[in-house]
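In: next comes the sequence, and after it the predicted model I'd like to discuss.
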Amino acid sequence: MNSYRRILTATIRFLCVCLILICLGAGLFFDRADAAAPVISGSPPSGAVGTPYNTSFSASCNSTTCSGADWSISGLPPGLVASGRTITGTPTTAGTYSIDVTVTDSAYGTTTETFVILIEKGSYDVTVSISSGLKEGQTRVYVNGSPKATLRGGESYKVTKLDPDTISMISVDNIVTPSGRTDIQYRAESNSSTVSKGIGYLTFTYYPEYDIEITSSPVGIASMSGSGWHREGKPLNVSAPQEVAKDAESQYRFAYWLTPTGEKNSSATLNTVVEAAGKYIATYDMYYRLTVDSKYGNTTGGGWQKAGSTAKWSVAPEEVAMPGIAGFFGGKFKALLTSGSALIEGPKTVTVQWDPDYSTPAVTIPLTVLVIAGLIYGIYALTRRGRVPQPVNPWATQVQQQPPPPPPPPVYYPPYPTMPPPPLQPPPAAIPPQTTVVMIGEGLKKPQSTREQLMEKFGELLQKYEDELSQGRELPAPTLQELPEMATMIDKKELPAPEYTGAVDSTAKEESIVEECGSTSKKLLRTVVTQWKNAAIKPITVIPGDKKSAAMAGGRTVTWTRESYNEWELHICKLPQGHKGMHKGVTEIVYSMIDTISEDINYGPKQPLKPPIPHYTDGMPEINIPASQIIPSDQLPA
């Protein structure tokens, strides 16, 4: 049994080996005769220059994946490499490339196929951002002139597919004006930029600009540059002229700069930093020329004076010597007013009047004449000493010839005989002229002595100077047009009217009593003001957000007023109408209003109400004026 089993087992093994060998032989035969070549499959995608590339191929052998096949790829674009059946790399050159892919299998043979790879030029992207400086409004983004997006401050936009072979221009709006605003705008530092491959980000920066107006008050008196748009944080420098002439007698003078916040800067050169829009005003004060005109002395106080101020003027010395012989003997001119004040409301001229003073010459000149006369008389007496005078017969009809006496001094008469002569007879026609003087008249008067002659001359000289003194005192009073702000001077010296010695008609006398002359003259004494009066009180309005007005919350605005008057002295003549000589009568004091002065002052809640101090009217006399003494200016005498 065992032997049969061993034989059966060996037989079965032999038959299996034969079967295997038969199968193997049949398979090799059929494979060699019927096997197909490997099939390559794949579709390489398009690439782009600068963009990483990756693709692979596959091969099938008799419907199954070839194993152990060898791959070969040629004709690749620059920048790509093959590793087995895989292509990788980054293309560097655009174009269309044909590649050959070859697969070799030991059992199925070799297959080669051609594929096409398209490498495009490629593109790049740039991110455009707008700075946060653009706080209002929005700007547009342009690529090569074409609008692409609209952005606000802090936003960004990505520009894609830019051609790397060309230079692209990206720009934004140069100026952005917020809706509804005219006082502010935003300007780009640079509103355009060129980009190329490799530039991934681009930022446009905006900064605010404010509308600044440079002007003057009064408007148009000065031409200044600087108005327009100014960058925030940048300095603003503007210079205003110190003086601007209006005409020969008036000019504007710089006072201060008024800023948009209400602050005042007294410097004519404005140096500030722009922080907000607004108006800068160069404020000017009006000045008028005050001319102090005086024929003598030195004047002060003239020149340019601020409108509304009270200017003081003076002249020195108070008296000056007269020119010529009158001044030599002490004649003087005295100023009627040596100082005063003038309210400056326009160009003014103050003329100083000088009054001649002959009081000293009236004494010194006669004394000098007396001294000279005494000297001459002494010299004359000395020359006459030792000379015997010849007697003269006053009753002779013919005068005997005598030796001619020495010529007497010009101001003296020769001595006369002391005996009274009888009435003279007419002299004979043939008598030649003699040097002896014969007095003709009803009776001969006793000749005057030299002293009497000097006293007579002295009296005539005194009378002459008294007449001149009286004439010099009667100076015409200057009118207000000729002498602004000067008092009209009325001569204190009055000459009596000549007496009328004829018969006076009773009817005319009664009429003269009824009808007075009534001539009125005025004299400006001074300018006065009334006391300050509280005209109105109103609460201070608090402006929201205004620190200054908030600090005055609960306060009051008080309107103070006072009036300025001219004080006049009126002289009213009470003499009969048609009288002769100077006017005489009564004197009245009246007042005419010049102006009502008003000042508004803000007071805190606990601040006491006090009148304006200091004030330009403080130097004027302050009085209470009865209503009966106030008259309109047009009712004053001319």
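Out: Everything's here; your move. Numbers count the residues shown, from 1 in each chain.
In: just name the shakiest helix or strand of this protein by mean pLDDT.
Out: Comparing helices and strands within the chain by mean pLDDT, DSSP states H and E singles out helix 506-514 as the least confident, with a mean of 44.
In: next SSE downstream of that one?
Out: Scanning forward in sequence from helix 506-514 by DSSP states H and E, the next helix or strand is strand 520-529.
In: quick one: buried residues of that following strand?
Out: K522, K523, L524, T527, V528, V529 (16 or more other C-beta atoms under 10 Å). Heads up, the C-betas are built off the backbone N, CA and C, glycines and all.
In: could you do stretch 241-248 as well?
Out: Neighbour counts using 16+ other C-beta under 10 Å place P241, V244 of stretch 241-248 among the buried residues.
In: let me know the average pLDDT across that stretch.
Out: For stretch 241-248, mean pLDDT is 92.
In: just stretch 341-353 next, same as before
Out: Regarding stretch 341-353, the rounded mean pLDDT is 92.
In: end-to-end on that stretch?
Out: 15 Å (C-alpha to C-alpha, to the nearest Å).
In: please enumerate the helices of the stretch 1-150 of the chain.
Out: Taking DSSP state H, counting those that start in this stretch, the helices of the stretch 1-150 of the chain run over residues 2-34.
In: which residues of it score low on pLDDT?
Out: 1-4, 23-35 (pLDDT under 70).
In: so V49 makes contact with G95?
Out: No. Under the criterion of C-beta atoms under 8 Å, V49 is not in contact with G95, lying 9.4 Å apart.
In: which of those two has more neighbours?
Out: V49 (21 against 13; other C-beta atoms under 10 Å).
In: what's the neighbour count on the closest residue to S41 other than its chain neighbours?
Out: Distance criterion C-beta to C-beta, 6 or more residues apart in numbering; nearest residue to S41, sequence neighbours excluded, is S58 at 5.2 Å. Per other C-beta under 10 Å, the neighbour tally for S58 reads 13.
In: S58 touches G42, doesn't it?
Out: Yes. With contact defined as C-beta under 8 Å, S58 and G42 form a contacting pair (6.3 Å).
In: contacts for stretch 71-89, please.
Out: 44, 47, 52-59, 90-93, 95, 97-104, 117, 119 (C-beta atoms under 8 Å, 6 or more residues apart in numbering).
In: ok, of those residues, which come out buried?
Out: Neighbour counting with 16+ other C-beta under 10 Å marks 44, 47, 53, 55, 57, 59, 91, 97, 99, 101-104, 117, 119 as buried within those.
In: which one among those residues gets closest to A335?
Out: P91 (111.8 Å; C-beta to C-beta).
In: contacting residues for that closest one?
Out: With C-beta under 8 Å, 6+ apart, P91 has these contacts: G47, A48, V49, G50, T51, Y53, P77, P78, G79, L80, I119.
In: how about 10 Å then?
Out: Taking C-beta atoms under 10 Å, 6 or more residues apart in numbering as the contact definition, P91 lies against 46-53, 76-80, 97, 117-122.
In: swap in V558?
Out: V558 makes contact with 534-538, 599-603, 609-612, according to C-beta under 10 Å, 6+ apart.
In: what's near enough to touch F254?
Out: Counting by C-beta under 10 Å, 6+ apart, F254 has contacts 216, 222, 240-244, 266-268, 282-285.
In: now it: phi and psi?
Out: phi -60, psi 140 (degrees, to the nearest 10).
In: so, low pLDDT: which residues of the stretch 451-600 of the chain?
Out: For the stretch 451-600 of the chain (pLDDT under 70), the answer is 451-514, 545, 547-551.
In: can you show me the helices along it?
Out: Going by DSSP H, counting those that start in this stretch, the stretch 451-600 of the chain shows helices at 506-514, 547-551.
In: ok, now the stretch 251-400 of the chain?
Out: Under DSSP H, counting those that start in this stretch, the stretch 251-400 of the chain gives helices at 324-328, 359-384.
In: list the buried residues of the first one.
Out: Along helix 324-328, the positions that meet the burial threshold by neighbour count (16+ other C-beta under 10 Å) are A326.
In: ok so, going back, out of the buried residues of strand 520-529, who's nearest P147?
Out: Distances from P147 to the buried residues of strand 520-529, taken by C-beta to C-beta, are shortest for V529, at 73.1 Å.
In: sorry, back to before: among the contacts of F254, name the buried ones.
Out: Among the contacts of F254, those buried by neighbour count (16+ other C-beta under 10 Å) are S216, A222, A240, P241, V244, A282, Y284.
In: I'd like the residues you listed laid out as JSON lines, including distance to W354.
Out: Putting the buried ones among the contacts of F254 into JSON lines (distance: C-beta to C-beta, whole Å) gives the following:
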{"residue": "S216", "distance to W354": "44"}
{"residue": "A222", "distance to W354": "43"}
{"residue": "A240", "distance to W354": "44"}
{"residue": "P241", "distance to W354": "41"}
{"residue": "V244", "distance to W354": "37"}
{"residue": "A282", "distance to W354": "45"}
{"residue": "Y284", "distance to W354": "38"}
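In: how about low-confidence regions in the stretch 151-300 of the chain?
Out: In the stretch 151-300 of the chain there are no weaker segments when pLDDT under 70 is taken as the threshold.
In: for P178, which non-adjacent residue is closest in space?
Out: Per C-beta to C-beta, 6+ apart, closest to P178 is E136, 3.6 Å.
In: just T360 next, same as before
Out: Of all residues not flanking T360 in the chain, G330 sits nearest, at 3.2 Å (C-beta to C-beta, 6+ apart).
In: then G122?
Out: According to C-beta to C-beta, 6+ apart, the nearest residue to G122 is A48 (3.7 Å).
In: surely the one you found and T90 touch.
Out: Yes. Counting by C-beta atoms under 10 Å, A48 does reach T90; the two are 9.4 Å apart.
In: ok, the nearest residue to L134 once chain neighbours are set aside - contacts?
Out: Distance criterion C-beta to C-beta, 6+ apart; nearest residue to L134, sequence neighbours excluded, is G153 at 3.4 Å. By C-beta under 10 Å, 6+ apart, the contact list for G153 reads 129-139, 176, 186, 206.
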